[in-house]
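[1] what follows is a protein structure lacking sequence information:
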């Protein structure tokens, strides 16, 4: 890999001016009717999407296709990750009718594959695991042909919480490591890299048939060697699916972009990930953990 085009390999990750956003990171203006239709459904059901909370650059594309990553357990997170624009603070109590409403939305949209995530709820005894499980059961009960992917927090490493989610039968369980271990104190100060790897490994121990998935953001000051080491760690933890995408600063309150990564570099990382044995890899500048998730389930689970 041409290091002039990508990373210098230096360990210094102080914030710098990465320059203007390159053309490959510019997205088309979303179709107004598609946005309005999805937003009306969300208002009517009282549901929330991570697409909105995280200001995802692909929101227009996904809403236009009638897909979204639903966020359960409210819109307020108990942690303070510095890359994320989701509200931080004291969350409200979980809404007991939320699993049923989400299942009805999946049926209404005719989704073949649904992605469900949440804020981190360290205030709840099980971290919200039972709410995840209720939602998976509700979706499968109302739309038995739909596959379900859950993107979970680390539940503080609680094995019982992971068993609760796994036993509800989602086809894919995702948990993002987000960045390289050296940057955790700066990017994810209340998370733990080894604990995140252990979450993925524990899911495989509970049910080897569940596909596991993780995601990495690039452009925060990591080196290419560190990224490759993370990919190796994920495979050693039994992770099946991986996504790599460019970190983009959601608002002025989050970490600045350290560097914009070229599409060629993403292609190289994608090739390396496939050589390491991941069953499905999405490595693109605008990729996010749930971007084109339905493609991963087709390949990895043999359904749809």
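    Done, it's in. Since this is a predicted model, take the numbers as computed values, not measurements.

[2] is it true that residue 268 lies in a helix?
    Yes: counting by DSSP: H, G, I helix; E, B strand; the rest coil, one finds residue 268 located in a helix.

[3] how much space separates it from residue 180?
    17 Å (CB to CB, to the nearest Å). (Each C-beta comes from the backbone N, C-alpha and C, glycine too.)

[4] looking at the two, which is more packed in?
    Ranked by neighbour count (other CB atoms under 10 Å), residue 268 and residue 180 place residue 180 first, with 24 against 18.

[5] surely that one is in contact with residue 228?
    No: assessed by CB atoms under 8 Å, residue 180 is found out of contact with residue 228, at 9.9 Å.

[6] what pLDDT does the model give residue 75?
    Predicted confidence (pLDDT) at residue 75: the value is 88.

[7] the nearest residue to residue 105 once chain neighbours are set aside - how many residues pack around it?
    Counting by CB to CB, 6 or more residues apart in numbering, residue 45 is the residue found nearest to residue 105 once chain neighbours are left out, at 5.4 Å. By the criterion of other CB under 10 Å, residue 45 has 17 neighbours.

[8] contact partners for residue 45?
    With contacts defined as CB atoms under 8 Å, 6 or more residues apart in numbering, the neighbours of residue 45 are 101, 102, 104, 105.

[9] 10 Å instead?
    Residues in contact with residue 45 (CB atoms under 10 Å, 6 or more residues apart in numbering) are 70, 97, 98, 100, 101, 102, 104, 105, 108.

[10] what helix or strand is the fourth one located in?
    In this structure, residue 100 is located in helix 98-109 according to DSSP states H and E.

[11] helix or strand right after that helix?
    Tracing the chain past helix 98-109, the next element assigned as helix or strand by DSSP H and E is strand 113-118.

[12] can you pull the buried residues of the helix or strand that comes right after that following strand?
    Next in sequence after strand 113-118, counting helices and strands by DSSP H and E, comes helix 129-142. Within helix 129-142, the residues that count as buried by 16 or more other CB atoms under 10 Å are 129, 130, 131, 132, 133, 134, 135, 136, 138, 139, 140, 142.

[13] same check, this time on stretch 84-102
    For stretch 84-102, burial by neighbour count (16+ other CB under 10 Å) applies to 84, 85, 86, 91, 94, 98, 99, 100, 101, 102.

[14] picking up where we left off before, separation between the residue nearest to residue 105 and residue 192?
    Relative to residue 192, residue 45 is positioned 35 Å away (CB to CB).

[15] same thing with residue 270?
    Residue 270 sits 27 Å away from residue 192, going by CB to CB.

[16] show me which of those two is the more surrounded one.
    The neighbour comparison of residue 270 against residue 192 (other CB under 10 Å) goes to residue 270, with 19 against 15.

[17] how far away is that one from residue 285?
    Counting by CB to CB - residue 270 and residue 285 are separated by 11 Å.

[18] ok, now residue 122?
    The gap separating residue 122 from residue 285 is 32 Å, by CB to CB.

[19] got it, and residue 201?
    As judged by CB to CB, residue 201 and residue 285 stand 29 Å apart.

[20] looking at these two, which is more packed in?
    Per other CB under 10 Å, whichever of residue 201 and residue 285 has more neighbours is residue 285, with 20 against 16.

[21] all helices of the stretch 151-300 of the chain, in order?
    Taking DSSP state H, counting those that start in this stretch, the helices of the stretch 151-300 of the chain run over residues 159-167, 184-187, 193-206, 224-236, 263-276, 293-301.

[22] quick check: buried residues in the shortest one?
    Buried residues in helix 184-187, defined by neighbour count with 16+ other CB under 10 Å: 184, 187.

[23] tell me the mean pLDDT for that helix?
    96.

[24] how about stretch 150-167?
    The average of the pLDDT scores along stretch 150-167 is 97.

[25] just give me how far that stretch sits from the chain centre.
    Put simply, stretch 150-167 sits 15 Å off its chain's centre (CA atoms, centre = their mean, to the nearest Å).

[26] start to end distance for that stretch?
    13 Å (CA to CA, to the nearest Å).

[27] next one: stretch 165-184
    Using CA to CA, first and last residues of stretch 165-184 are 26 Å apart.

[28] for stretch 246-259, same thing?
    Start-to-end span of stretch 246-259 (CA to CA) is 9 Å.
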